[in-house]
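Participant: Following is a predicted model, sequence given first.
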Amino acid sequence: MLKHPTLEQLNQLGLTGMAQAFADLDGNGDAASLSHAEWLALLLDHEATWRNDRRLALRLRLAKLRHHAVPEDVDYRSARGLDRRLFEMLLKGSWIGAHENCAIIGPAGVGKSWLACAVGHQACRDNRSVLYTRLPRLIDELSLAKGDGRIAARMKSLARVDLLILDDWGLEPLDGNARHHLLEILEDRYGRRSTLVTSQLPIARWFDLIGDPTYADAILDRLVHNAHRLELSGESMRRLGQIATA
């Protein structure tokens, strides 16, 4: 008699996880031995799990991570100089809470993007907002947004995300428009949010890449001075056939 009204009320209250658990428990003969407190505890546990799973799915969808990379699949055995202690520290995310930055540097194919996405995935698990984008694509998008009047809204959204992952930093020199956009992004985020960049170029070459000394000083000051540096080496993992995990 109470089953359907209770389920209906749970669903009306938006307690979907509890409703699903109630239906499962009500149809389970062993559930009759549970006390009222144990019933309630199980319902609440299912509701919390349902909400956490739904929130994580939303975080991951908004993050637009390039790879389905999870911390559990990180390969620490490959000969690429991956500092396990440093990377595990990055996964813990205290640096994101402190609004610090990170640079993952190394030659093509050693798994920089994959590792960055693993960090992003863990940040989503920790209920932090994440956005992945390739820097060349982002610059193109901002140029278009400037042309049709959406630039202010786009820059505001970039400033809010807890972890911004800029992949493929340094594939091509920055022109004046790109330098300006990049400086504005980093200025809005400096001391407030965290930025992670991946690059094939060592940091010592970034100044010349930016092209203008004034912009280079300003950009690197906001990006590098408080950045954790994960430097990789070795052969391409693609050529070695280690694509699925990194």
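Facilitator: It's in.
Participant: Show me which residues of the helix ranked longest in the chain are buried.
Facilitator: Ranked by residue count and defined by DSSP state H, the top helix of the chain is helix 36-63. Under the neighbour-count criterion of 16 or more other C-beta atoms under 10 Å, helix 36-63 has Leu42, Leu43, His46, Glu47, Trp50, Arg59, Leu60, Ala63 buried. Heads up, the C-betas are built off the backbone N, CA and C, glycines and all.
Participant: Same check on stretch 218-236?
Facilitator: If you call a residue buried by 16+ other C-beta under 10 Å, then stretch 218-236 has these buried ones: Ala218, Ile219, Leu220, Arg222, Leu223, Asn226, Ala227, His228, Leu230, Leu232, Gly234.
Participant: May I ask you to confirm that the third one is in contact with Trp206?
Facilitator: So that's Leu220. Yes. Contact status for Leu220 versus Trp206: in contact at 6.2 Å, counting by C-beta atoms under 8 Å.
Participant: quick one on the thing from earlier: just give me the closest of the buried residues of stretch 218-236 to Ile96.
Facilitator: Comparing these against Ile96 with C-beta to C-beta picks out His228 as the nearest, at 10.6 Å.
Participant: that's a strand at the closest one, yeah?
Facilitator: Yes. The assignment for His228 is a strand, going by DSSP: H, G, I helix; E, B strand; the rest coil.
Participant: Could you report the distance from it to His181?
Facilitator: Per C-beta to C-beta, to the nearest Å, His228 is found 24 Å from His181.
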